[in-house]
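Q: sharing a model prediction with you, sequence too.
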2 protein chains.
Amino acid sequence: MAGCGMSCLKILGAVFGGGLLLTIGILLGHFAIPKGETGQGAPNWVKTVGRDLDESLLQSFMDQVESGKIRENLKALAARPHMATTEGDEELVKLMLSRWQDPQTGLDSASEDVYGAFLSFPDPQKPNSVTVVENSSLIFSTRRSEKNVTADQAHADVVQPYAAYAPPGTPRGKLVYANQGKRSDYQELVNMGIDLNGTIAITRYGGAGRADKAVNGAEFGVAGVVVYTDPADINDGRASEKETYPNSWYLPPSGVERGSYNGYFGDLLTPYYPAKDFTYRIKESEIQGIPPIPTQPIGFEDALMLICNLDGPEAPSAWQGSLNCTYKVGPGFRTGGMFPNTSDVQVNVHNQRRIKNSSNVMGFIRGSEEPDRYVLYGNHRDSWVHGAIDPSSGTAVMLEITRVLGKMLKEGKWRPRRSIIFGSWGAEEFGLIGSTEYTEEFYSKLRERSVAYINVDISVFANATLRAQGTPPAQSVIFAAAKQVQSPASSSGSVYDNWRNHFNRNSPIYGNIPNLGTLGAGSDYASFIHYLGITSMDIAYTYDRNKTSARIYPAYHTAFDTFDYADRFIDPGFTSHQAVARTAGNVLLRLADSLVLPLNVSDYGEKLDELYNVAAQGDFLANLSASNISLDPLKAAIGRFKLAAADFNQRITKLKEEESPSPLQIRMVNDQIMLLERAFLNPLAFPNKYYYSHVIWASKSSNHATFPGLADAYTNAVKTGDWDQVRKHLTIVVQAVESAASTLEAVA
Amino acid sequence: MAGCGMSCLKILGAVFGGGLLLTIGILLGHFAIPKGETGQGAPNWVKTVGRDLDESLLQSFMDQVESGKIRENLKALAARPHMATTEGDEELVKLMLSRWQDPQTGLDSASEDVYGAFLSFPDPQKPNSVTVVENSSLIFSTRRSEKNVTADQAHADVVQPYAAYAPPGTPRGKLVYANQGKRSDYQELVNMGIDLNGTIAITRYGGAGRADKAVNGAEFGVAGVVVYTDPADINDGRASEKETYPNSWYLPPSGVERGSYNGYFGDLLTPYYPAKDFTYRIKESEIQGIPPIPTQPIGFEDALMLICNLDGPEAPSAWQGSLNCTYKVGPGFRTGGMFPNTSDVQVNVHNQRRIKNSSNVMGFIRGSEEPDRYVLYGNHRDSWVHGAIDPSSGTAVMLEITRVLGKMLKEGKWRPRRSIIFGSWGAEEFGLIGSTEYTEEFYSKLRERSVAYINVDISVFANATLRAQGTPPAQSVIFAAAKQVQSPASSSGSVYDNWRNHFNRNSPIYGNIPNLGTLGAGSDYASFIHYLGITSMDIAYTYDRNKTSARIYPAYHTAFDTFDYADRFIDPGFTSHQAVARTAGNVLLRLADSLVLPLNVSDYGEKLDELYNVAAQGDFLANLSASNISLDPLKAAIGRFKLAAADFNQRITKLKEEESPSPLQIRMVNDQIMLLERAFLNPLAFPNKYYYSHVIWASKSSNHATFPGLADAYTNAVKTGDWDQVRKHLTIVVQAVESAASTLEAVA
């Protein structure tokens, strides 16, 4: 280094050092100094606003879900019968509130919403019964209550079996056996030459809705209806005491399925409006869809006495059950049986209808970035008796999910991106009343802000496999969750793999995948999907159909649905409960925390194709063509939808590739995802069906598995020639699909 | 500086210099290096996402609005008659497209949306007329067309006067004078002892809707209806040629007001669905609200011949007009008049109904930050004849606004925060068809994304003062704009000041302010506010009511509504047009560019109080109380709304005080503002009124100025005793107000 002495070197060093310092300074200034809101640089929200789902946190959530805690929850929840608005129910309101307000494991807040619900109860002073009478002598009477086999059945709060909303009365007449009480069943009896006027019809559960058995019967002149559970339908044929609970999961002979005999949902006196003090109530005489004639459920122990003594022709083979005799149809009893052949059957119903205060308990977690986006999760709280499985297995799962989330929240480890709302609904058993009133009261804001509704009612029907239902966008998030949860069955693999082994289908897009079922109106998701158009899903563990053909778990709605029953027969070890809690909680976290909503809108395309294809072939198509009705506009609309969805997904992919996409761009695509389901709503499409306004999922009577309005109009037109209604409903469907496409297309 | 030589000093210098360099580096790194999307720091959108309205740009926009350009626009637009779907209309479709697609001053894009609209036209081969006949002799016939006074009236495209949708027919009968054709007018004739069966009724415009004159008449047995414009109602009494156009703005004696005789809006065959090829069309026989009997409008030159020759008792004084005689009511002609007293009047209508393609022309500007939020601005394009004032004065203003915005856009000086959509609607004159079909076709996305709709139809009725109508949240933005525009009147001051001088009210909150009018269904805002629940407004310049009591500008819907008429009498110099363009454009820019939407939601509180107070006093309250109906829940709901709105505005104030509020926080409050109006929608509230679903603004027949459903139910209950409907509508209102409150309350 010629020509440079010590000082010179020092200066050079200082110059170089200065350059280095400047560089370090620039780097420090650029990267190391956080740009707070008070500074000139980027505010704090720049980091948080783009935060995505934290997979490790998701794993930690799942790890913390304990089967033992769920078992404890269930024991507490099912300790006492808790029919809607009873003391047992009110106790559970307090339990929910205290859990969700717990300082260590609670939510941000919890509250109680009260509605004046129109309910129906038996008269404790005048028990209902079905009796055999000859002149004025009582020959036989059904049991007043189920047999006490585990002490639970003797609890003072066990409500006697009854058909909620069936009118009081004591009709008496000759007994007929009317199979499942479908319109076609009564018609068949008439075809056999039987005069149904003034008869009492005994029908078995299944085939038709509870209320329909009486509504249909009344149309044929039937004066009263008895409903029972046939061992063929519930017990895989087993009917003896030693084969049934407490020796197995099967229903004891004295077991009676209670239920709401209400064909609609929501409070019956306040359709479309929350059942508050200020709300106008229609007259009881204006209520539709409830039994017009006295109706009473009984157990098969008693049903056997009635059916096996019937006179008349043999019932068709499809009508035969597993009571130990050949079923005849009546009318009246045979000579030489248990009863004089002149005796009548009398249905004694003393039900009372009353408006009672029923509560929803609501729990909230405020979202950090998008507090105005709601992920909803709910289950009803009320049961018929102890309701260990229905609904407490679901509530036990919900409480374990909220415990783990509440703990993470209170420990400062987590706050969701979006708000989470938990609902413990009241009076579901009477017709989804609590959840429906909630959607009525908060219609506007729920419609505008809700991302999805997750329902876990009965969480474990049986411990064989996951069973999920939902609208197509729910498929992707449920699959993602199910793949991350270990199957509780002894075989290895995920809940997803096990599910696919039990229920699968071949998707033209995805190949062999688990079969996501469709939502009817069987639980509290009904008003969310049908009235509000919110993407909804229902998650549970269920049967291996190779092992049982039971219509539902056998103790359903009886006094045998107890903690002991659940603990010993439904899910010993509670590992299926745990799997459901992990799966549903995983779905919940994905919906609450993912930057882009994990709902794949393009999956609606497959469903639209499927519905279209039913109409676009065979007689259906031929009959449309004969009436000069073309499906081309529908085909074009579905094509437009599929293209829009594919383009939309591509835009999302690009957006995700950006290092730091604009929060308003993300919000835009999320709003499109959220509101897609709303585009299928048409509140004027089905003027005679309360709440149903989702053009894809509305209820239908037709057997054609196409769009419900189109299917029903078609079936009617074939009979009546009214093809204009078919044209109208085709327009409704095309318009809905076009709207859905338009929602996904580029916004400007 | 003892003990330190040169080298030492240099080293010290290097150390200090190094510290300085480090500091400079830090400062540079922190502040000077833009944090691009590829860097580790803040992305570019951090700056743009929070950008607010640029006041200097707003001023620049207003400065660039030229009255001369508006005059040129109007000359081009009104050059030729352009009734919906005619050649003149199609020419204007091309004009709009070319303006909006202009490379220098156009928008981002423009397109044409076509609907198959159900229209009604006279038969060019068989002109309509009203004739006086005796036996088979024709004694008198009304003119076939207006008198040619400026050559415009002789244009081959001038459509002969007719009542659109009136059915064809040639009823003949004795003439009666039925005032305005209100139900009460016909009743009064019956009370006078006149048998209306088979008569022809002559009625004057005003008082009742056009169609109602015939609908009401038919209920009383009237066979045909003649409608005319009385000089008392339109001309401040002036009736002679020398006092009327082209010598003044008053209507010449031959002038005939055309119009749609359609009581509803939207395409008549496709209610609720866009009139596309695929759409189901109802039968013509199912159409409601159009004349069931032949109806024809005439000028007062002809009306005088009919009315001044009538026989019978004198009409009540309120029925007298400015024709030069005492009006009698008939039936039939007097002895000694112009016509034999045995002669009849015959209404000869040969209208034809046809489905024709009508276009909306749509123009778009993509929003930079929130492309999925739409600010809508529109006017119809179709006229009855030349339509210089109705609607071209509005279109001339719209084109000037889009020229200036387009120029700023193409020059790269501006891009709005939100997307802007311009609509040039087709077939408005037949019943707001183009705009309604648009809202039907894009119902879902418009409902979810639209911030507001600005309508400027007739932009200048007269040049005295601003007149604005809108829902309460529009008040704040219109006031803000009107304060920034110079009044075109010779007196100094703002458009706002001048407006307040002409129309004002005392607000309990703001003191003396201009009176914002309410929206009916008179122009294309109807489906936006009533069906979609989008905050809407209509802006125009209008009369000094000290100078004229004309029902509307006199040439309305006649062949005298020409460029010459506008240029000479309505707005010479076009300064009122300019003021409207500046005001409406200012409103548009504020809505499109403001960070927080400039719609003050709390102004709804004043309106709710006002509507409530009408019901909460006098007979109304007494009758409710007598039927045990309490208004307390409504009062409580309004209180809740006002509290929520006040809190909401406080939250906005705090948010605005933050230096850099989170874009998602801003979006949240904007969504609350945007969706407030939607919370008042109830699509099931008025099942018999097409499209009306806004609980505050629906149409009503009752004179009580309270909530429309409540008012109508009340008026009906007073007559029929059906107080349950009052209870129901009270529930509907309470529920809507509660929903509105809930929308504004903190979201979580």
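A: That came in fine, so what should we check first? Numbers count the residues shown, from 1 in each chain, chains lettered A, B, ... in the order given.
Q: rest of the way, CA atoms for contacts and neighbours
A: Fine.
Q: run through the stretch 451-600 of chain A and note the low-pLDDT ranges.
A: A:490 (pLDDT under 70).
Q: what segments of it are helices?
A: A:472-484, A:495-502, A:525-526, A:563-565, A:575-593 (DSSP state H, counting those that start in this stretch).
Q: which of the ones you listed sits closest to residue B:665?
A: Closest approach to residue B:665 among the helices of the stretch 451-600 of chain A is made by helix A:575-593 (17.1 Å; C-alpha to C-alpha).
Q: longest single helix anywhere in chain A?
A: Using DSSP state H, we find that the single longest helix of chain A is helix A:632-657.
Q: now do the helices in the stretch 601-748 of chain A.
A: Using DSSP H, counting those that start in this stretch, helices in the stretch 601-748 of chain A cover A:603-615, A:618-626, A:632-657, A:663-679, A:708-720, A:723-744.
Q: would you turn those helices into TSV with mean pLDDT, mean neighbour count and distance to chain B?
A: Compiled in TSV, these are given as follows (pLDDT from 0 to 100; neighbours: other C-alpha atoms under 10 Å in any protein chain shown; distance: least, C-alpha to the nearest C-alpha, whole Å):
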stretch	mean pLDDT	mean neighbour count	distance to chain B
helix A:603-615	98	18	16
helix A:618-626	98	14	14
helix A:632-657	97	18	6
helix A:663-679	98	23	6
helix A:708-720	98	20	13
helix A:723-744	98	24	5
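Q: in a markdown table, list these along with distance to residue A:140.
A: Output for those, formatted as a markdown table (distance: least, C-alpha to C-alpha, whole Å):
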| stretch | distance to residue A:140 |
| --- | --- |
| helix A:603-615 | 52 |
| helix A:618-626 | 52 |
| helix A:632-657 | 60 |
| helix A:663-679 | 55 |
| helix A:708-720 | 45 |
| helix A:723-744 | 52 |
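Q: before we move on, the earlier item: residue A:74: which of the helices of the stretch 451-600 of chain A is closest?
A: It's helix A:563-565; of the helices of the stretch 451-600 of chain A, that one is closest to residue A:74 (C-alpha to C-alpha) at 6.8 Å.
Q: so what secondary structure elements neighbour the longest helix of chain A?
A: helix A:603-615, helix A:723-744 (3 or more C-alpha pairs under 8 Å, 6 or more residues apart in numbering or on different chains; DSSP states H and E).
Q: if we use 10 Å, what do you get?
A: helix A:603-615, helix A:663-679, helix A:723-744 (3 or more C-alpha pairs under 10 Å, 6 or more residues apart in numbering or on different chains; DSSP states H and E).
Q: now that helix against helix A:723-744, angle please.
A: If you take axes from the mean of the first three to the mean of the last three C-alpha atoms, to 10 degrees, helix A:632-657 sits at 20 degrees to helix A:723-744.
Q: tilt between helix A:632-657 and helix A:663-679?
A: Using the same axes, to 10 degrees: helix A:632-657 against helix A:663-679 is 150 degrees.
Q: how about the strands in the stretch 101-250 of chain A?
A: Ranges of strands in the stretch 101-250 of chain A, per DSSP state E, counting those that start in this stretch, are A:109-121, A:129-134, A:137-141, A:163-164, A:172-173, A:175-177, A:200-204, A:224-228.
Q: please identify the most buried of these.
A: strand A:175-177 (a mean of 30; mean count of other C-alpha atoms under 10 Å in any protein chain shown).
Q: and it, what's its mean pLDDT?
A: Regarding strand A:175-177, the rounded mean pLDDT is 98.
Q: flag the shaky bits of the stretch 151-300 of chain A, pLDDT-wise.
A: Short version for the stretch 151-300 of chain A, where the test is pLDDT under 70: none.
Q: and the helices in it?
A: Under DSSP H, counting those that start in this stretch, the stretch 151-300 of chain A gives helices at A:183-191, A:210-219, A:231-234, A:300-307.
Q: return the most buried member of those helices.
A: Taking mean count of other C-alpha under 10 Å, helix A:210-219 is the most buried of the helices of the stretch 151-300 of chain A, at a mean of 25.
Q: who are the packing partners of that one?
A: Partner elements for helix A:210-219 (3+ C-alpha pairs under 10 Å, 6+ apart): strand A:163-164, helix A:183-191, strand A:200-204, strand A:224-228, strand A:259-260, strand A:295-298.
Q: save these as CSV, and put in distance to chain B too.
A: Output for the helices and strands packed on helix A:210-219, formatted as CSV (distance: least, C-alpha to the nearest C-alpha, whole Å):
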stretch, distance to chain B
strand A:163-164, 27
helix A:183-191, 32
strand A:200-204, 37
strand A:224-228, 33
strand A:259-260, 27
strand A:295-298, 31
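Q: and of the strands of the stretch 101-250 of chain A, who's closest to residue A:192?
A: That would be strand A:175-177 among these, by C-alpha to C-alpha, at 12.0 Å.
Q: the helices of the stretch 451-600 of chain A: which one's closest to residue A:233?
A: Here helix A:563-565 is closest among these (C-alpha to C-alpha), at 19.4 Å.
Q: got a list of what the residue nearest to the spatial centre of chain A touches?
A: The centre of chain A sits closest to residue A:523, judged by C-alpha atoms, centre = their mean, with a distance of 3.6 Å. Taking C-alpha atoms under 10 Å, 6 or more residues apart in numbering or on different chains, we find residue A:523 in contact with A:265, A:379-380, A:428-429, A:431-432, A:435, A:455-458, A:538.
Q: ditto for residue A:695
A: A:530, A:533, A:679-683, A:685-686, A:707-710, A:729, A:732-737.
Q: quick one on the thing from earlier: nearest to residue A:649, of the helices and strands packed on helix A:210-219?
A: strand A:259-260 (43.5 Å).
Q: show me where the stretch 351-500 of chain A has strands.
A: Counting by DSSP E, counting those that start in this stretch, the strands of the stretch 351-500 of chain A are A:352-365, A:370-380, A:418-425, A:450-455, A:465-470.
Q: mind putting those strands in JSON lines, mean neighbour count and distance to chain B included?
A: Formatted as JSON lines, those follow (neighbours: other C-alpha atoms under 10 Å in any protein chain shown; distance: least, C-alpha to the nearest C-alpha, whole Å):
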{"stretch": "strand A:352-365", "mean neighbour count": "20", "distance to chain B": "8"}
{"stretch": "strand A:370-380", "mean neighbour count": "26", "distance to chain B": "5"}
{"stretch": "strand A:418-425", "mean neighbour count": "26", "distance to chain B": "7"}
{"stretch": "strand A:450-455", "mean neighbour count": "26", "distance to chain B": "12"}
{"stretch": "strand A:465-470", "mean neighbour count": "24", "distance to chain B": "22"}
